[in-house]
Each structure stands twice: as structure tokens, then as C-alpha cells.
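1. Next come a sequence and a model predicted from it.
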Amino acid sequence: MGYVQDVLEQVKQACADQPEFVQAVTEILEAMEPVIAKHPEYEAAGILERFVEPERSLIFKVPWLDDNGKVQVNRGYRVQCNSAIGPYKGGIRFHPSVNLSVMKFLAIEQTLKNSLTGLPMGGGKGGSDFDPRGKSDNEVMKFCQSYITEAYRILGANTDVPAGDIGVGAREVGYFFGQFKRITNSFEGVFTGKGATFGGSLARPEATGYGVMYFAEEMLKAQNDSLQGKTIAASGYGNVGTFMIEKANQMGAKVVTIGDENGYVYDPDGISGEKLDFLKPLWTTYRRPAKDFADKFNLQWIPGKRPWEVSCDIAIPTATQNEVGKEDAERLIANGCKCVVEAANMPCSLEAVTLFQKNNVLFGPAKAANAGGVSVSGLEMSQNSMRYSWTFEEVDAKLKDIMVNIYKKSSEAAKEYGLEGNLVAGANIAGFLKVAEAMRAQGAV
């Protein structure tokens with residue numbers, strides 16, 4: 001076996017109990033064969049072995065008091081994957097599915113994603129198996145404060161800067177920031193996604209969803225096409241999904257589905273106007289199920305199924321990892337889907353991605369397509385450092401430039417290494433090269 005396969009086998013053996021992490025590493029390393037062939041110095045420096053091993057993984061208990069006065073205990077995580085090009089940067093996720101494998105996969109994906117933005121940010125990820133659904137504001141606050149009471153030791157504006165993720169929005173980030181400030185007696189940009197009144201950036205809530213559509217437009221432009229008139233099937237309806245819908249409407253497309261683990265809503269007229277206004281806080285504020293949206297507007301609710309059976313031009317999975325499997329991919333292809341853009345983190349299985357590529361479906365990988373959120377988080381860090389803020393329009397323009405450049409970098413890297421049109425490989429290669437060069441320049445650290 002060659003160097004790349006040797007490292008992959010080492011990961012598979014050492015992390016056999018971490019399927020999500022192994023899946024992410026497999027996708028990344030499969031793109032590295034031509035890179036290693038061109039850069040044999042990376043093997044001599046042990047770059048791949050060092051890249052796939054997080055610099056630090058913290059697991060800790062998070063005790064908190066519920067509204068009945070009973071002590072509850074959850075497990076918390078923070079994985080600091082790579083700091084070669086900047087402080088660790090990545091969100092905190094609250095969801096029952098959170099475990100070490102999920103945290104490590106998200107952290108290594110975040111490392112390459114952050115590299116692609118061109119901003120000086122390393123990669124990390126954190127979270128807990130705490131489920132915010134059904135919890136009161138007071139219980140969520142108590143949990144957030146307890147999480148930071150343990151994690152604050154490894155956080156800092158120049159060390160590790162978390163943001164939100166699934167189950168963690170502006171409310172939770174506010175609680176994080178308040179507890180960090182209380183413990184450390186310092187007001188610093190240690191979190192992004194903060195409220196605008198205490199250092200947050202305008203356009204940060206919109207950034208991931210808007211960025212997905214900017215990236216999708218670049219993909220279509222390369223095919224002499226556009227978003228105008230396109231029908232989109234989507235899954236999640238949190239922060240990413242709702243602002244993706246908003247930007248899709250602005251760019252002339254319509255989104256006809258949203259869903260959750262219990263089923264999906266089908267709206268052939270497209271989600272806009274009053275319906276979109278109702279949808280925006282449904283999950284992000286109230287943590288309510290998708291069926292409530294169907295009931296409110298008398299829309300078709302399809303229980304127990306995913307929206308990938310609906311005929312569409314573009315599919316945009318916006319929920320969670322591996323929500324699009326092999327059978328889902330087959331349905332989308334059979335129904336005429338011509339483009340898939342990953343708005344969630346690794347929402348398509350390896351089998352699904354292979355099917356899309358074999359059937360000439362345009363495919364935008366998550367680490368490139370959904371980098372808009374962390375891009376504006378990076379801009380928020382810059383604004384905090386300057387004690388200054390840009391207008392919404394200024395931030396949005398910078399976001400669009402970043403997403404256009406990410407597409408360009410990914411496309412050009414794929415072409416340079418003999419994989420033209422393969423944005424999965426291109427994004428992995430472009431992101432990796434910057435990190436690898438920084439690691440090599442800094443020595444065996």
C-alpha cells in the first residue's frame with residue numbers, strides 16, 4: 001500500500017468505533033493521492049498522520065439543575081483539530097446524536113472549510129448530547145452556563161473561538177458569552193454569532209444560508225445556467241434552511257419542501273412571504289416540529305419520509321450528517337435532479353456522493369458550499385479586534401466574494417490535479433494544501 005492508504009488504514013483501525021470520523025477522513029484522503037505524488041515532502045514530514053489526529057480532544061461532564069430542582073448530567077465535548085493557520089474555530093452543537101466521532105468528523109471538516117475561506121482560522125468543534133427541545137429558557141441557560149464553566153479554560157479570542165451549530169443559536173451564544181465574561185472578567189471576541197449589541201456581526205445569522213446560494217449560483221454559472229426558475233427540495237428549517245430559502249427566493253428560485261426526523265412538508269407554490277416569516281423562528285426560537293408549519297398553512301404533510309422523493313431541479317440537504325443515502329440519491333436522479341448542494345455538514349453518504357458523480361449531477365460539497373457561516377464568523381472576529389462594525393451590505397458583499405473565491409479555488413485545484421469538475425476533491429485539495437504548507441513550515445509540532 002502507498003502512503004495515503006497506509007494512513008487511512010491506521011485511522012480505520014484506531015477509530016473503528018467512530019464511523020462518522022472514518023467516513024470524513026476517507027473522503028479527504030481519497031483526494032490526496034495526486035497531492036502526495038506531487039509533494040513527496042509531505043510524507044517525509046508525516047503531514048497526513050498529523051493532520052488526521054486532533055491536537056486535543058476534551059470530554060467533560062456538564063451537570064445542571066432542571067426546573068424541578070433535579071440535577072441532570074450530560075456529556076460535553078470540544079475537539080481542537082488543527083491550529084496551523086489560526087486559532088481553533090468551529091461551532092457548538094446540542095443534539096442527542098453528539099458523540100466523540102461526530103465531534104471529530106465535524107472538527108476535521110471545519111479545518112478544511114476554514115482554510116478555504118482564506119481567513120486565518122484553524123479548525124475545531126464542540127457540543128453535547130443535551131437536547132434543547134422541550135427545555136425552558138431557564139434550563140437552557142443553566143446548561144449553557146455549566147458547559148462554559150468547564151470549557152472556558154481552553155477558549156479565548158486568540159486560542160479557540162466557538163460559534164453556534166445545531167441546537168445552538170443566538171440565545172445560547174449569549175448565555176455562553178455572559179458566563180465566559182463572568183468567569184474571566186474579560187470582554188473579548190471569544191464567541192461568534194453574538195448579538196449585535198455586544199460584538200456580533202450584521203449578516204451573521206443569514207451567512208450560511210446566503211452563502212450556500214451564492215455557491216450554487218457559481219456552480220450553475222459554470223454550466224451557463226442560473227438559479228432563476230429552479231425548484232429546490234430542502235430538508236431542515238433552522239437558521240441555515242430558512243435563510244437559504246430567503247436568498248433562493250431573492251435569486252428567482254423556489255423551495256418546495258422542509259422537514260424533520262418525523263416527515264416533510266410539501267408546498268408546490270414555494271415557501272415565501274407570510275409562510276417564510278412563520279417558519280423562521282419555528283425551530284431557531286421555539287424548537288417546534290415541521291408538522292406545525294404544515295398545519296398552520298394547510299399544507300401536505302408526508303409522515304415518516306424524506307423530501308428527496310419530490311421532483312426538483314436542485315436538492316439542498318440542510319439538516320444533519322448522512323441524511324441523504326444511496327436510495328435517496330437514486331430517487332433524486334430518477335426524478336431529474338441536476339444539482340445537489342450540501343448546506344449541512346456531510347449530509348450525503350459516500351455512496352450517495354459516488355452516485356451523483358457517476359450520473360453527472362453537479363455536486364457542491366459541504367466544506368465549500370456551507371462555508372458562509374464561518375466566513376462571516378471570521379469577519380466578526382476581525383470586527384471585534386478592531387472594535388468596529390461593518391454594515392449589513394458590506395458584510396454581505398464580503399461574504400459573496402469569499403464564496404465566489406471558494407468555488408474558484410475548488411474548481412482550479414480539481415483541474416490542476418487531474419480531477420476537473422470534481423468539486424469534492426477540489427475542495428479537499430485546496431483546503432489541505434494551505435494547512436499542509438503551514439504545518440511543514442512550523443516544523444514537527
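-> It's in. Numbers count the residues shown, from 1 in each chain.
2. For the rest of this, base every contact and every neighbour count on C-alpha atoms.
-> OK.
3. quick one: low-confidence ranges for the protein?
-> Residue ranges of the chain with pLDDT under 70: 445.
4. Do a quick rundown of the strands in it.
-> Assigned by DSSP state E, the chain shows strands spanning 56-65, 71-82, 88-94, 123-128, 160-163, 231-234, 254-255, 257-260, 263-266, 300-303, 314-316, 339-341, 362-364.
5. Determine the set of other helices and strands touching the second one.
-> In this case it means strand 71-82. Here strand 71-82 touches strand 56-65, strand 88-94, helix 100-117, strand 123-128, going by 3 or more C-alpha pairs under 8 Å, 6 or more residues apart in numbering; DSSP states H and E.
6. Which of the ones you listed sits closest to M141?
-> strand 56-65 (9.6 Å; C-alpha to C-alpha).
7. Identify the neighbouring strands of that closest one in the sheet and state each direction.
-> strand 71-82 (antiparallel) (DSSP bridges).
8. sorry, back to before: give me whichever of the helices and strands packed on strand 71-82 is most buried.
-> strand 123-128 (a mean of 30; mean count of other C-alpha atoms under 10 Å).
9. by how many degrees do it and strand 88-94 diverge?
-> Counting by axes from the mean of the first three to the mean of the last three C-alpha atoms, to 10 degrees, strand 123-128 lies at 20 degrees to strand 88-94.
10. Residues in contact with strand 123-128: which ones?
-> Strand 123-128 has contacts (C-alpha atoms under 8 Å, 6 or more residues apart in numbering) with 74-83, 87-96, 98-99, 103-104, 106-112, 114, 160, 162.
11. Also stretch 334-345?
-> 106, 208-209, 212, 216, 240-241, 309-321, 348, 360-367, 369-370.
12. how about that stretch: buried residues?
-> 337-345 (16 or more other C-alpha atoms under 10 Å).
13. and if you look at stretch 261-277?
-> Going by neighbour count (16+ other C-alpha under 10 Å), the buried part of stretch 261-277 is 263-267, 270-272, 276.
14. what does stretch 352-365 give?
-> So stretch 352-365, judged by 16+ other C-alpha under 10 Å, has buried residues 352-353, 355-356, 361-365.
15. thinking again about what came up before, among the buried residues of stretch 334-345, which one sits closest to V11?
-> Nearest to V11 among the buried residues of stretch 334-345, with distances taken as C-alpha to C-alpha, is N345, at 20.4 Å.
16. where's the closest one relative to E150, distance?
-> 26 Å (C-alpha to C-alpha, to the nearest Å).
17. same deal with F293?
-> 37 Å.
18. Looking at these two, which is more packed in?
-> Between F293 and E150, F293 has the larger neighbour count (other C-alpha atoms under 10 Å), namely 22 against 14.
19. contacting residues for E206?
-> For E206, the contacting residues are 239-240, 243-244, 373, by C-alpha under 8 Å, 6+ apart.
20. Narrow those residues to just the buried residues.
-> Looks like the contacts of E206 have 239-240, 243-244, 373 buried, using 16+ other C-alpha under 10 Å.
21. Just give me the closest of those residues to G443.
-> The closest of the buried ones among the contacts of E206 to G443 turns out to be G373 (C-alpha to C-alpha; 31.0 Å).
22. ranges for the helices of the stretch 151-300 of the chain?
-> 170-184, 207-221, 239-250, 273-284, 291-297 (DSSP state H, counting those that start in this stretch).
23. any idea how far the nearest residue to N384 once chain neighbours are set aside lies from P162?
-> Counting by C-alpha to C-alpha, 6 or more residues apart in numbering, G189 is the residue found nearest to N384 once chain neighbours are left out, at 5.7 Å. Counting by C-alpha to C-alpha, the separation of G189 from P162 is 10 Å.
24. So for these two, which sits in the more crowded spot?
-> P162 (27 against 23).
25. so the more buried one bridges to which residues?
-> Listed beta-bridge partners, P162: G90 (assigned using DSSP bridges).
26. so how far is R78 from it?
-> P162 sits at a distance of 9 Å from R78 (criterion: C-alpha to C-alpha).
27. so S146 sits right up against V62, yeah?
-> Yes: using C-alpha atoms under 8 Å, S146 makes contact with V62 at a distance of 5.9 Å.
28. Find residues that contact each of those two.
-> With C-alpha under 8 Å, 6+ apart applied, the contact sets of S146 and V62 do not overlap.
29. one step back: of the buried residues of stretch 334-345, which is the nearest to T26?
-> Proximity of the buried residues of stretch 334-345 to T26 (C-alpha to C-alpha) peaks at N345, which lies at 15.1 Å.
30. From T242, how far out is the closest one?
-> With C-alpha to C-alpha as the criterion, N345 and T242 are 16 Å apart.
31. At the geometric centre of the chain, which residue sits there?
-> N345 (4.4 Å; C-alpha atoms, centre = their mean).
32. that older thread, including distance to K12, could the buried residues of stretch 352-365 go into TSV?
-> Converted to TSV, these look like this (distance: C-alpha to C-alpha, whole Å):
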residue	distance to K12
A352	21
V353	20
L355	23
F356	25
V361	29
L362	29
F363	26
G364	26
P365	23
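33. of the residues you listed, closest to S226?
-> Comparing those against S226 with C-alpha to C-alpha places L362 closest, at 12.8 Å.
34. what bridges to the closest residue to the closest one other than its chain neighbours?
-> In space, L362 comes closest to C339 once its chain neighbours are excluded; the distance is 4.5 Å by C-alpha to C-alpha, 6+ apart. When assigned by DSSP bridges, C339 has beta-bridge partners I314, L362.
35. L58 too?
-> Counting by DSSP bridges, L58 is bridged to R78.
36. ok, back up a step: of the buried residues of stretch 352-365, closest to D401?
-> When the buried residues of stretch 352-365 are ranked by distance to D401 (C-alpha to C-alpha), G364 comes first, at 17.1 Å.
37. who touches stretch 76-85?
-> 51, 53-62, 88, 99-100, 103-104, 107-108, 111, 115, 120-129, 147, 151, 160, 435, 438-439, 442.
38. try it again with 6 Å
-> Applying C-alpha atoms under 6 Å, 6 or more residues apart in numbering, the contact partners of stretch 76-85 are 54-61, 107, 120-128, 438-439.
39. before we move on, back to that, what's the closest of the helices of the stretch 151-300 of the chain to D396?
-> Nearest of the helices of the stretch 151-300 of the chain (C-alpha to C-alpha): helix 207-221, 7.7 Å.
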